[in-house]
Structure formats: C-alpha cells, structure tokens
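Engineer: Sequence plus predicted model, see below.
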Amino acid sequence: MAGSACKEFHCIIVLICSDCKFSFRHSHSFAVAKQKYYVVWEGHQPGVYSDWGAAKRQIEGYPKAKYKSFASKEAAEKAFKGSYWAYAGKETRPVKKTLEELERLGVQLDSLAVDAACSGNPGDMEYRGVHTRTGQEIFRIGPLPGGTNNIGEFLALVHALAWLKQQNRPNIPIYSDSRNAQLWVKGRQCRTKLGRSGQNDPIFALIDRAEKWLATNNATNPILKWQTEEWGEIPADFGRK
C-alpha cells in the first residue's frame, strides 16, 4: 500500500490494537485455506463436518462412502438434507457474478466486503477487507497462529467498522458471509470457545481490543449477509478453496 492507504491502515490498527507488541506484516509463506464444510451422506456417522480430519474418520474403511466438500455451512446443510446423487460430479463452488449482475441482484457496490481464512481449526488465521466494486484491498491482517475462521470473520467486521468510523463514512454497508460473526458483533462479544494457548495471545489481544471498541463506539454502518449461493464468492474471498 502507498500514500494515504498506508496512513489509513495505520489509523485502524491504532484504533483496535494501540498497544500490541507484535507485527501485523503479511507473509506469503503461509498457505492458508478458506474454511470448507464436508457432507458425509454415507459413512460411519453421517453429518456435516467443519474439519476434514473428522470427516475423513467417518469414511475411512466404510464401503462406498459418499461425501463431498462445500464452500459454506449453509450449502453443506442444504446438501445433507438432499441426495448425494444431486451433487455427485458437480461443481459446488458458486459461479462468480459480474458487477452488473450483482447490482441487478441488489448488491450495494459502494461498500466493504470482509472475509477470513484459516489453515485448520485452530490454525494460521488471516482476514481482510476490500472495496466491493473495485476489489481494492483496504486492510489485511495475518496470518496469526492458533486462530479460527469465526474469530477472523469477527475481527474483520470490527476492523471494517472502525475503519469506516475513522473515515467518517457512517452509512457505508459491510458485507460478510459469516452469520456467526454478524451475531457476535451484534452482541458486542466474540463468543469463541477457543482457549488461550500462549501461541495465540496476539489473536486474543486483538479480540480484547475489538470488544473494547464495540463497547465504546456506536457503529451505524449496516452489516449485510453476503448471499454466496446466489451471488458467488464474496469479493474479499482468499480464493484458496
């Protein structure tokens, strides 16, 4: 980032994490994957799994196991209620829409879109925010060790709210494809079940400061659900599925 964009990035870090003693520089040496969900129709224990290791245990040694990965929890849960044969051999990643198509579908393009990625659960976590119309990256944090996708989605939303407040843009919408993160922000608390491990202290420092920001600021920006199945992947998606 150059010029004013760097100054804006510095401002938001000060707002959320003014006394953090660690670096937020992004490293391209990490291969962080976007959260996937796995449907097991026929296996030892059929169901929807957010972790490949857990899903793999249900199909190993099971004759003619039927399973498939999906890009969102909503899509996986919908598929699980249906037949495996309705999805077998078909692409499950939503087709990307053009800006014109998104606008016709009601997407507000003058907005921010946020997303997170995590290499495990827990794992190396990162998140970012982009301008929906242009795809310009406004901020990007991580990867940081010992996080979860939900935490990243929560922090991304608070980061976007704080950035827009600093920019005096109180009416710009923010899109997120995480229902959990939206509920956590609404409740002004990160309701993660993840425990502190020492390794993930930097993440919990961010959580503490994000919750403090929510408690002391009245954010007015609309937070909207990105409809992945209808609109394609959110513009902030890391594209590593």
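Structural biologist: Perfect, I can see it now.
Engineer: Give the buried residues for stretch 233-241.
Structural biologist: Glu233, Ile234, Pro235, Ala236, Asp237, Phe238 (16 or more other C-beta atoms under 10 Å). From N, CA and C alone the C-beta is placed, and that goes for glycine too.
Engineer: Show me which of these is closest to Leu144.
Structural biologist: Nearest to Leu144 among the buried residues of stretch 233-241 is Phe238, at 14.5 Å by C-beta to C-beta.
Engineer: got the phi/psi numbers for the closest one?
Structural biologist: phi -80, psi -10 (degrees, to the nearest 10).
Engineer: That one contacts Ala117, correct?
Structural biologist: Yes. Phe238 lies in contact with Ala117 (C-beta atoms under 8 Å); the separation is 4.2 Å.
Engineer: State the next helix or strand along the chain beyond the top strand by length along the chain.
Structural biologist: Under DSSP state E, the strand in the chain containing the largest number of residues is strand 137-147. Following strand 137-147 in sequence order, the next helix or strand is helix 149-166 (DSSP states H and E).
Engineer: If you count contacts, what does whichever helix or strand comes after that next one end up packed against?
Structural biologist: Going down the chain from helix 149-166, the next helix or strand is strand 174-176, by DSSP H and E. In terms of contacts (3 or more C-beta pairs under 8 Å, 6 or more residues apart in numbering; DSSP states H and E), strand 174-176 is packed against strand 112-118, helix 149-166, strand 223-225.
Engineer: give me that answer again for 10 Å
Structural biologist: With contacts defined as 3 or more C-beta pairs under 10 Å, 6 or more residues apart in numbering; DSSP states H and E, strand 174-176 has these neighbours: strand 112-118, strand 123-131, helix 149-166, helix 179-186, strand 223-225.
Engineer: pLDDT value on the spatially most distant residue from the centre of the chain, please?
Structural biologist: Residue farthest from the centre of the chain, counting by C-alpha atoms, centre = their mean, is Pro63 at 35.0 Å. At Pro63, the pLDDT value in this model is 88.
Engineer: again, but for Thr134
Structural biologist: On the pLDDT scale, Thr134 gets 95.
Engineer: quick one: it from Pro235, how far?
Structural biologist: With distances taken as C-beta to C-beta, to the nearest Å, Thr134 is found 9 Å from Pro235.
Engineer: Which neighbours do these two have in common?
Structural biologist: Counting by C-beta atoms under 10 Å, 6 or more residues apart in numbering, the residues touching both Thr134 and Pro235 are Leu99, Leu109.
Engineer: Can I get the helices and strands packed on strand 174-176 in a markdown table including distance to Glu74?
Structural biologist: Formatted as a markdown table, the helices and strands packed on strand 174-176 follow (distance: least, C-beta to C-beta, whole Å):
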| stretch | distance to Glu74 |
| --- | --- |
| strand 112-118 | 15 |
| strand 123-131 | 20 |
| helix 149-166 | 14 |
| helix 179-186 | 8 |
| strand 223-225 | 10 |
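Engineer: Could you say which of these is packed most deeply?
Structural biologist: Compared across the helices and strands packed on strand 174-176, strand 112-118 shows the largest average neighbour count, a mean of 28 (mean count of other C-beta atoms under 10 Å).
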